[in-house]
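>>> Need the 3D shape of this:
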Amino acid sequence: MSTTTLRTPPADQAPGQAEPARPARKRGERGLAGKLASHGILTVASLVALFPIAWLVFLSLGPDKDDYLHPGRIWDTMTFDNYSFVLQHTNFFDWMKSSLIVSLGTTVIGVMVAATTGYAVSRMRFPGYRKFMWVLLVTQMFPIAVLIVPMYQILSDLQLIDSYLGLILVYCSTAVPYSAWLLKGYFDTIPFEIDEAGRVDGLSPFGTFFRLILPLAKPGLAVAAFYNFITAFGEVAFASTFMLDDSKYTFAVGLQSFVSEHDAQRNLMAATAVLVAIPVSAFFYLVQKNLVTGLTAGGTKG
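Model prediction:
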């Protein structure tokens with residue numbers, strides 16, 4: 001004996017009318033649980049990334065150099081005296097001037113050299129062009145400790161010790177190889193027909209490069225500029241070796257003045273570090289629109 005189960009349609013559904021199908025989930029679309037999990041992970045990752053910055057700002061408000069050992073005391077004694085001391089009683093503005101001169105000089109010269117190098121390798125097939133790019137990559141394998149002595153000898157022979165130009169050239173020697181690789185990959189994504197159209201219109205190779213290719217390569221140039229700027233702004237070893245006059249110290253070297261053999265003024269160091277981050281943040285804000293595009297586009301070819 002068999003039994004048949006009758007399914008009663010909902011009250012708002014007319015007899016004989018088919019039940020509406022649930023909308024199918026699109027391919028790659030996450031469910032509610034997946035969205036909550038991804039947002040939770042991103043929130044935790046953001047907090048992990050922001051914690052060191054918040055901690056540095058918090059320590060910079062402590063009046064005593066040993067407050068980092070007892071951070072709970074800072075809540076009742078917060079003050080901006082550390083910032084006042086750094087701005088009024090140190091060579092902060094000399095450090096800022098030196099850092100901006102060196103960083104912007106490295107950015108301008110480094111990006112120009114890297115852009116022309118990357119464009120030449122991307123468009124021209126001269127003998128040994130592949131080996132040339134690998135030679136640039138090999139230069140990144142040598143540690144700074146190995147490079148300091150020969151570079152010091154070269155700068156000494158050129159009388160560029162304790163000069164901004166000497167330090168800029170040293171930074172370019174480390175930043176240009178990576179930037180050339182980066183821009184070469186980006187130039188590969190620009191159609192070669194644009195070069196041909198420029199030549200048909202009577203432009204020289206340099207005219208095509210400057211008037212047609214560079215405007216299209218702004219995202220890649222922004223990434224290279226940001227890399228060159230950060231490389232020069234935060235470097236310590238070369239700056240502390242090649243710059244002898246304390247008025248020409250960069251920020252990275254000036255921070256060392258707060259640490260001696262028997263003492264460490266960590267509250268002043270934290271306040272200076274917060275002030276140092278302002279120029280970098282401003283530069284990042286100027287190029288942020290092109291950073292993501294420039295970082296991803298260069299990996300599609302070449």
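>>> distance of Leu56 from Ala277?
8 Å (Cβ to Cβ, to the nearest Å). Glycine gets a C-beta too; all of them are placed from N, C-alpha and C.
>>> Also Val138?
Val138 is 33 Å from Ala277, where distance means Cβ to Cβ.
>>> do Trp75 as well
Plainly put, Trp75 is 23 Å away from Ala277 if you go by Cβ to Cβ.
>>> where does the stretch 201-302 of the chain dip in pLDDT?
Screening the stretch 201-302 of the chain residue by residue with the criterion pLDDT under 70, one finds the ranges 261-262, 290-302.
>>> let's go with 80 and repeat that
Residues of the stretch 201-302 of the chain meeting the criterion pLDDT under 80: 259-263, 283-284, 286-302.
>>> Under a three-state scheme, what state does Gly62 occupy?
Per DSSP: H, G, I helix; E, B strand; the rest coil, the secondary structure class of Gly62 is coil.
>>> Give me the three-state assignment for the closest residue to it other than its chain neighbours.
Using Cβ to Cβ, 6 or more residues apart in numbering and skipping the chain neighbours, the partner closest in space to Gly62 is Ile74 (4.3 Å). The three-state assignment at Ile74 reads helix, by three-state DSSP.
>>> Just the pLDDT for Ile74.
At Ile74, the predicted lDDT confidence score is 84.
>>> List the contacts of it.
Contacts for Ile74 (Cβ atoms under 8 Å, 6 or more residues apart in numbering) come out as 58-59, 61-62, 67.
>>> what about it, distance to His89?
Applying Cβ to Cβ, the value for Ile74 to His89 is 22 Å.
>>> Show me which residues of stretch 222-237 are buried.
222-233, 235 (16 or more other Cβ atoms under 10 Å).
>>> Now do that stretch: everything it contacts.
Among residues not part of stretch 222-237, those counted as contacts by Cβ under 8 Å, 6+ apart are 99, 102-107, 110-111, 114-115, 144-145, 148, 168, 171-172, 174-175, 178-179, 182-183, 250-253, 256, 279-280, 283-284, 287, 289-291, 294-295.
>>> Look up how far Leu286 lies from Phe192.
Distance of Phe192 to Leu286, computed by Cβ to Cβ: 31 Å.
>>> what's the answer for Ile154, then?
Using Cβ to Cβ, which is the criterion applied here, Ile154 is 33 Å from Leu286.
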